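Student: what shape does this take:
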Amino acid sequence: MNRILKIHLLLLLLFTAASPTRAVIKDDSQSILRKTAAEIRRETLLAPNGPAGRPLPLVSHWNMGSHGKGWTPQYQVELLNQGHHILPWFGWPRGNPDSKEDSAKRFYDYYDTLITICHELSLPISFRGTQWEAMLVRREYRNLPEDTCPAVITPTGEVLPRISPFGPIDPWRDPAKEFVDTPAMKKIQQMYPNPPLVLFVSNNEAPDLRWHQVHQSKRYLDKYGKGRTDEFKRKVVAEGWMKRYTVMFHAMREALIGDTWKKNVRFVGYGAFGPSHFGRWSEWKEYSLITDQWTSPNWHIWDGGSPSYYTHNWCPNRDHWVWSTQVQSMNWIFQLEEAFSVNPDFWWEVSLWDGNGGGWTPDKGYIPELLPKSKACQYLKDNQTYTPDRFEGWAQFGIWLLRPRVIREFRASTVPLEPWRPFFNRLLAIVDRVYEHKTLEDFWRRGRLVSNTAHSHPYQSNIPKKYSEQNRWFALDTNLDPPRPWTLKTNIPVFSIAFVTGKEPKRRWLLYAHSPLENRNSVKISIPRFGVVTIDTPREGTFYTIDEQTRKITHVLSPKQSRLKSSN
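Tutor: Prediction:
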């Protein structure tokens with residue numbers, strides 16, 4: 001059967017099928033699929049801080065489903081049909097799909113259905129890329145003459161397999177030909193010529209020269225010499241990256257074949273944001289490019305960033321300690337204001353991972369050999385449990401604290417969906433309930449995050465004077481808080497934050513709280529400029545509204561929360 005006939009039959013199925021696992025596009029404009037698509041499109045096209053308020057969130061993923069058992073395009077079709085608010089995601093198109101029959105089959109089997117649906121519904125799309133610039137340290141580039149080699153060259157003439165912020169700029173145009181000016185990428189553009197938004201999401205982990213390693217660069221020493229300050233080193237390294245990434249992104253944009261794609265593509269980098277570890281220990285600046293001019297150069301480089309709300313498995317952080325994603329990511333609040341001041345259209349999303357890898361799945365229990373690779377095993381060793389409830393409370397705290405446009409979950413490329421479906425369902429529920437509940441939507445769009453000025457953020461090491469008075473602490477006081485001062489391993493029984501709308505004496509607050517280790521009853525939480533409220537705080541988290549005039553505290557119900565929950 002030729003491809004044109006296949007597409008014809010596919011579209012016929014799209015418009016007539018009744019199975020919930022197939023795409024269903026009915027003439028009724030209020031159908032679930034069309035309504036959801038319209039909401040997705042509307043939110044992706046809103047300005048970050050426009051008259052409509054903050055855009056509502058979407059769910060996306062790093063797992064491309066390319067191995068056929070993960071978060072596949074076919075699974076995304078099911079999610080759209082069920083009314084879930086996702087930003088469709090694809091693996092990067094490579095090679096020439098029409099070079100031979102089996103290549104064409106793999107290409108169309110993977111892309112055809114979801115791309116067709118996205119085209120029909122005018123949905124935004126995203127593509128997970130590699131670190132495109134990493135190709136510049138392949139052997140053929142390291143063997144180039146010094147004046148054309150983009151890799152690091154040491155004072156003794158050794159060529160290191162790391163990209164340099166001081167090397168020639170011209171080679172940075174080459175990734176455009178390698179990754180964009182290809183038959184596969186052109187085919188995708190022909191299949192969907194007019195997307196309202198395209199995200200090219202980079203893994204952004206190319207081996208590079210760090211600012212504290214500039215003494216390894218002959219080019220740096222030839223230009224600037226020895227004895228420069230750390231501030232100077234961070235500044236010139238950042239400026240070098242600004243010039244080179246700008247050239248690469250421009251070349252990749254120009255390699256696209258359609259004006260709509262050129263106009264609507266955005267380059268988003270994993271980790272392309274400021275330091276969440278700001279102030280955590282005395283040497284934190286070694287892993288930062290902070291200067292007096294910026295907290296991070298990333299919003300001068302990228303169209304958007306996807307920093308990691310990760311409970312990493314390789315370090316001893318926990319979701320119930322001061323050393324936690326909940327506490328660290330509070331540092332991003334003031335940095336986000338800086339990013340928007342530089343680029344008002346900066347695409348703000350967050351990557352999320354619970355630290356479980358190495359083949360561990362929730363059905364396996366404690367496996368000592370997987371301790372370095374599974375955060376859940378570390379919890380189990382501490383006689384704790386790891387459930388979808390715990391995951392939901394932790395994820396929901398970060399999503400509401402940060403209010404990103406997209407929450408992009410990470411699971412490794414070979415991880416199957418099924419063992420993690422109950423957890424991913426919770427992520428879908430967190431996002432969908434913002435659309436379903438008017439109170440949550442209003443506070444998401446227009447609520448002001450409440451600072452807890454009674455305390456400073458616990459990360460206070462080597463803070464630049466410029467930021468010494470910056471509000472960075474948003475966790476509310478509770479009667480269960482341990483005595484201060486806190487260490488990195490101090491246990492925090494309940495995490496809570498609040499948002500406020502209106503002005504005194506007609507203010508309203510939205511309170512969110514979760515208890516990572518166990519459900520807790522009658523927890524007293526202090527709301528700044530209101531007083532103390534007493535609520536129950538389950539592991540999966542809970543919302544309450546508070547009315548200043550009536551002093552009434554109301555539990556916010558979510559119909560989908562109970563509908564989507566799976567057994568713990």
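Student: the helix or strand where residue 60 lies packs against which elements?
Tutor: In the assignment (DSSP states H and E), residue 60 maps to strand 58-61. In terms of contacts (3 or more CB pairs under 8 Å, 6 or more residues apart in numbering; DSSP states H and E), strand 58-61 is packed against helix 32-45, strand 406-409, helix 421-436. In this view, the C-beta of every residue, glycine as well, is placed from N, C-alpha and C.
Student: and the helix or strand following it, what's buried?
Tutor: The helix or strand immediately downstream of strand 58-61 is helix 73-81, counting by DSSP H and E. Across helix 73-81, burial judged by 16 or more other CB atoms under 10 Å covers 73, 74, 75, 76, 77, 79, 80, 81.
Student: how about stretch 443-459?
Tutor: Under 16+ other CB under 10 Å, the buried positions of stretch 443-459 are 443, 444, 445, 447, 449, 450, 452, 456, 457, 458, 459.
Student: which of the residues you listed fall in helices?
Tutor: In helices, judged by DSSP state H, the following of those are found: 443, 444, 445.
Student: could you pull up the residues touching the second one?
Tutor: Just to be clear, that refers to residue 444. 53, 54, 56, 57, 400, 403, 434 (CB atoms under 8 Å, 6 or more residues apart in numbering).
Student: can you tell me the closest non-neighbouring residue to the third one?
Tutor: The shortest distance from residue 56 to any non-neighbouring residue, by CB to CB, 6 or more residues apart in numbering, is to residue 43 (4.8 Å).
Student: need the buried residues of stretch 443-459 in JSON lines with pLDDT, can you?
Tutor: Output for the buried residues of stretch 443-459, formatted as JSON lines (pLDDT from 0 to 100):
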{"residue": "443", "pLDDT": "99"}
{"residue": "444", "pLDDT": "99"}
{"residue": "445", "pLDDT": "99"}
{"residue": "447", "pLDDT": "99"}
{"residue": "449", "pLDDT": "99"}
{"residue": "450", "pLDDT": "99"}
{"residue": "452", "pLDDT": "99"}
{"residue": "456", "pLDDT": "98"}
{"residue": "457", "pLDDT": "99"}
{"residue": "458", "pLDDT": "99"}
{"residue": "459", "pLDDT": "99"}
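Student: which non-adjacent residue is nearest residue 338?
Tutor: In space, and not counting its chain neighbours, residue 338 is closest to residue 295: 5.6 Å by CB to CB, 6+ apart.
Student: isn't that neighbour right next to residue 275, touching?
Tutor: Yes: using CB atoms under 8 Å, residue 295 is in contact with residue 275, at 7.4 Å.
Student: more crowded one of these two?
Tutor: A count of neighbours by other CB atoms under 10 Å puts residue 295 above the other of residue 295 and residue 275, at 26 against 20.
Student: quickly find the element holding that one.
Tutor: Counting by DSSP H and E, residue 295 is found in no helix or strand.
Student: what comes up buried for stretch 371-388?
Tutor: The neighbour-count check on stretch 371-388 (16+ other CB under 10 Å) flags 371, 373-380, 384, 386-388 as buried.
Student: any idea how far apart the tips of that stretch sit?
Tutor: 20 Å (CA to CA, to the nearest Å).
Student: now do it: distance to the chain's middle.
Tutor: In terms of CA atoms, centre = their mean, to the nearest Å, the centre of stretch 371-388 is found 23 Å from the chain centre.
Student: okay, and which of the contacts of residue 444 map to helices?
Tutor: 400, 434.
Student: tabulate the contacts of residue 444 in JSON lines, adding columns for distance to residue 102, pLDDT and neighbour count.
Tutor: Output for the contacts of residue 444, formatted as JSON lines (distance: CB to CB, whole Å; pLDDT from 0 to 100; neighbours: other CB atoms under 10 Å):
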{"residue": "53", "distance to residue 102": "49", "pLDDT": "98", "neighbour count": "17"}
{"residue": "54", "distance to residue 102": "46", "pLDDT": "99", "neighbour count": "20"}
{"residue": "56", "distance to residue 102": "41", "pLDDT": "99", "neighbour count": "23"}
{"residue": "57", "distance to residue 102": "39", "pLDDT": "99", "neighbour count": "24"}
{"residue": "400", "distance to residue 102": "46", "pLDDT": "99", "neighbour count": "22"}
{"residue": "403", "distance to residue 102": "45", "pLDDT": "99", "neighbour count": "22"}
{"residue": "434", "distance to residue 102": "43", "pLDDT": "98", "neighbour count": "21"}
